[in-house]
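Undergrad: what follows is a protein structure lacking sequence information:
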């Protein structure tokens, strides 16, 4: 897991963070950024080099957005193919989520959401998080995340961005799986391991179980 909000070009920074964390997972990788209230996403099956090759073919993406999230995956639910790669989006394509861990009760929540009209295009438990948060989203991403995680059982660390957010923000939540925030000057970072942050800041905060954090350029 890597995330950034601030003034710098976000995709190169996220890719650098993924390179420092690639040992954590090499089934697939992906990035998502928000630009002009739209999600822009790229994913690739296999090692991080595959994602780098795809991004090299669309250099305009490297200039887009000022906040986003990225992930390198070790598959748990769902085969290690591109459709299951993170970031995962909701069926309305307004939320992107990256997730480490396992949602133990994802199946009954998924059945309920399907009955409510939400659709699913991956085999992952992560997509339940995306659709569940989106079902509660009404202008306040952090509030929607709090409502959603109250229903989740398991161990997880998540970071989410929304195309509907009024300002540039990332919302992070931790329950049992490590997640660390990095505090910078006019920029904020997050990662599943401090190794991805220490070249940018040594001012770090480890989230406790149950913590929900909202990252904006000027603070956490």
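TA: That came in fine, so what should we check first? What you see is a predicted model; the values in this text were computed from it and never measured. Numbering: from 1, shown residues only.
Undergrad: next, the buried residues of stretch 191-209.
TA: Buried residues in stretch 191-209, counted by 16 or more other CB atoms under 10 Å: 191, 192, 193, 194, 196, 197, 200, 201, 207. In this view, the C-beta of every residue, glycine as well, is placed from N, C-alpha and C.
Undergrad: again, but for stretch 27-45
TA: 27-35, 39-45.
Undergrad: how far off centre is it?
TA: 9 Å (CA atoms, centre = their mean, to the nearest Å).
Undergrad: for it, the averaged confidence score.
TA: When pLDDT is averaged along stretch 27-45, the result is 81.
Undergrad: can you show me the helices along the chain?
TA: All helices of the chain, identified by DSSP state H, fall at 10-21, 48-56, 106-115, 126-136, 141-149.
Undergrad: TSV please, covering those and showing mean pLDDT, mean neighbour count and distance to residue 161.
TA: Putting the helices of the chain into TSV (pLDDT from 0 to 100; neighbours: other CB atoms under 10 Å; distance: least, CB to CB, whole Å) gives the following:
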stretch	mean pLDDT	mean neighbour count	distance to residue 161
helix 10-21	84	20	10
helix 48-56	70	16	18
helix 106-115	97	15	20
helix 126-136	96	25	11
helix 141-149	97	20	8
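Undergrad: contacts only, for the closest residue to residue 110 other than its chain neighbours.
TA: Leaving out its chain neighbours, the residue that sits closest to residue 110 by CB to CB, 6 or more residues apart in numbering is residue 128, at 5.1 Å. Shown in contact with residue 128 (CB atoms under 8 Å, 6 or more residues apart in numbering): 103, 106, 109, 110, 113.
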